[in-house]
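> Below is the structure, and that's it, no one-letter string:
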């Protein structure tokens with residue numbers, strides 16, 4: 001059985017056979033996470049979609065404590081490896097078969113600069129991840145605007161799509177609904193909303209608008225769904 005736990009913002013804990021992962025572990029600074037980083041010292045993989053601080057989050061601390069492998073772009077991996085994290089670099093469009101299943105890094109329209117002090121370090125291209133575990137396909141879009149590349153995911157028969165709806169930095173509700181119609185997942189879960197004032201959005205409104213195209217599950221922070 002595959003489980004997906006919403007940890008707030010764009011962070012999810014995903015577990016399946018051979019997989020104990022956390023995606024974009026923005027926990028200690030989010031103000032909404034139900035647990036702290038030390039709760040994930042049992043992870044074996046950490047997925048980081050891009051270099052922004054609200055997605056790298058507690059990656060280094062979790063990676064050091066757990067020995068987990070970080071999966072991210074070459075540029076983000078270079079940055080994290082210098083801080084002591086074990087990494088497996090990928091790039092957008094790349095596919096790799098891990099012991100638990102297949103991972104494809106998908107396109108995202110966003111930025112990926114890494115802020116350190118007054119410096120902005122190149123984080124390469126942003127992305128998303130299509131994970132396959134126990135025969136289930138989970139698409140985490142990362143931070144992205146609406147893009148026609150999402151239409152290609154329809155052929156993947158996605159079981160669960162995790163999509164941002166907060167607007168300003170990513171798709172808003174209406175564009176996220178359009179994304180659902182392009183991807184045609186079995187289930188869609190909204191994310192990346194309400195953490196900051198500038199990304200306030202109503203997931204109930206999203207559910208009402210997207211429900212004709214997919215089953216919508218609005219997860220409370222800390223809630224787990226199973227496949």
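It's in. Computed from a predicted model, the values in this text were never measured in an experiment.
> State the mean pLDDT of the lengthiest helix in the chain.
The residue-count maximum for a helix in the chain (DSSP state H) belongs to helix 173-183. The average of the pLDDT scores along helix 173-183 is 99.
> Ok, stretch 91-106 next?
Across stretch 91-106, pLDDT averages out at 98.
> If we go by neighbour counts, what in it is buried?
Applying a neighbour-count criterion of 16 or more other C-beta atoms under 10 Å, the buried positions in stretch 91-106 are 92, 98, 100-101, 103-106. To be clear about C-beta, it is placed using only N, CA and C from the backbone, and glycine gets the same treatment.
> quick one: which two of those are the most distant?
92 and 100 (21.0 Å; C-beta to C-beta).
> quick one, helices of the protein?
Using DSSP H, helices in the chain cover 53-56, 59-66, 74-81, 173-183, 203-210.
> mind showing which ranges of the protein have poor pLDDT?
Residues of the chain meeting the criterion pLDDT under 70: none.
> cutoff 80 now
Applying pLDDT under 80 to the chain flags the ranges 30.
> How about the residue in it that sits furthest from its center?
Within the chain, residue 118 marks the point farthest from the mean C-alpha position, 26.3 Å out by C-alpha atoms, centre = their mean.
> returning to that earlier point: quick one: the buried residues of stretch 91-106 as a markdown table, columns for distance to residue 164 too.
Formatted as a markdown table, those follow (distance: C-beta to C-beta, whole Å):
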| residue | distance to residue 164 |
| --- | --- |
| 92 | 17 |
| 98 | 25 |
| 100 | 25 |
| 101 | 24 |
| 103 | 20 |
| 104 | 19 |
| 105 | 17 |
| 106 | 14 |
